[in-house]
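Undergrad: quick one, fold the following:
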Amino acid sequence: MRFSTAQLAWIIVALAGVGGCTPTMVKQPLSATTQRSDDPVTAELDFWHGLTTQPVVCNDDAFHGLLLFLDDKDTNTAYADRVTELKSRKLIPADFKAAGNEAVHRGTVAYAILQALHVRGGWVLSVFGPSPRYAVRELMYMNLFPRSSAEQTFSGSEFVGIIGRAEDYHEGESAFIPAQTLKPPSPAD
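TA: Sure thing, here's the model as predicted:
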């Protein structure tokens, strides 16, 4: 049986619609296993070290990491508590509903970092307010995020790198400060 080009196009479109898009899921969030330690310092080190080996970061682990970045601790023991905490601080959109073991979107993390660092952004953010898409674009412009889209996810090492860059920015590392505002080194240096 021979198909015309138009018929083949319709068949391809129909087959593409059948599969649909399903989110990537993580079997066991790392935060659930590392928080069991009695020593919070060991738990935090185990979390960050273990995260670097993860091929995909889920929402639960990303939110745990964001709270560690912001507060140096995460007293929440459940994903729902982390979501409530981040929503109350307006660090994730109020309509956020993704599952804890679902792969985190870069837009979700960018939105949280943008809000946490109080980045005002360009005219789009000023006029329309923060959104995951424009948060990613603003953080790309600030060199805190790699070129990417809001729907992409992170590997564990990428996420740890993003948190490190956000921490450097927050601490005022000279790489993020315009050259004209830096203090010149003293003669003793």
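Undergrad: drop to CA atoms for contacts and neighbour counts, all remaining ones
TA: OK.
Undergrad: quick one, phi psi at A78?
TA: For A78, the backbone dihedrals (degrees, to the nearest 10) come out as phi -130, psi 150.
Undergrad: quick check: the gap between it and H118.
TA: To H118, A78 is 27 Å away according to CA to CA, to the nearest Å.
Undergrad: same question for P29.
TA: Applying CA to CA to P29 and H118 gives a distance of 29 Å.
Undergrad: so for these two, which sits in the more crowded spot?
TA: P29 (21 against 10; other CA atoms under 10 Å).
Undergrad: tell me the contacts of the more buried one?
TA: Shown in contact with P29 (CA atoms under 8 Å, 6 or more residues apart in numbering): 58, 60-61, 100-101.
Undergrad: measure the residue nearest in space to the middle of the chain to S88 for me?
TA: Nearest residue to the geometric centre of the chain (CA atoms, centre = their mean): V109, 2.6 Å. For V109, the distance to S88 equals 16 Å [CA to CA].
Undergrad: ok, V136 next?
TA: Taking CA to CA, one finds V136 at 21 Å from S88.
Undergrad: comparing those two, which residue is more hemmed in?
TA: Ranked by neighbour count (other CA under 10 Å), V136 and S88 place V136 first, with 28 against 12.
Undergrad: spatially nearest residue to A112 (excluding sequence neighbours)?
TA: L91 (4.4 Å; CA to CA, 6 or more residues apart in numbering).
Undergrad: by neighbours, which of the contacts of P29 wins?
TA: Counting by other CA under 10 Å, top hit in the contacts of P29: C58 with 29 neighbours.
Undergrad: burial count for the nearest residue to that one once chain neighbours are set aside?
TA: Spatial nearest neighbour of C58, excluding adjacent residues (CA to CA, 6+ apart): A103 at 4.1 Å. Around A103 there are 24 other residues, counting by other CA under 10 Å.
Undergrad: ok, A103 - contacts?
TA: A103 neighbours (CA under 8 Å, 6+ apart): 23-26, 56-59, 153-154.
Undergrad: turn these into JSON lines, columns for secondary structure, distance to I113 and pLDDT.
TA: Below are the contacts of A103 laid out as JSON lines (DSSP: H, G, I helix; E, B strand; the rest coil; distance: CA to CA, whole Å; pLDDT from 0 to 100):
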{"residue": "P23", "secondary structure": "coil", "distance to I113": "23", "pLDDT": "72"}
{"residue": "T24", "secondary structure": "coil", "distance to I113": "22", "pLDDT": "77"}
{"residue": "M25", "secondary structure": "strand", "distance to I113": "23", "pLDDT": "71"}
{"residue": "V26", "secondary structure": "coil", "distance to I113": "23", "pLDDT": "74"}
{"residue": "V56", "secondary structure": "coil", "distance to I113": "19", "pLDDT": "94"}
{"residue": "V57", "secondary structure": "coil", "distance to I113": "16", "pLDDT": "94"}
{"residue": "C58", "secondary structure": "strand", "distance to I113": "16", "pLDDT": "93"}
{"residue": "N59", "secondary structure": "helix", "distance to I113": "14", "pLDDT": "94"}
{"residue": "T153", "secondary structure": "coil", "distance to I113": "15", "pLDDT": "92"}
{"residue": "F154", "secondary structure": "coil", "distance to I113": "15", "pLDDT": "90"}
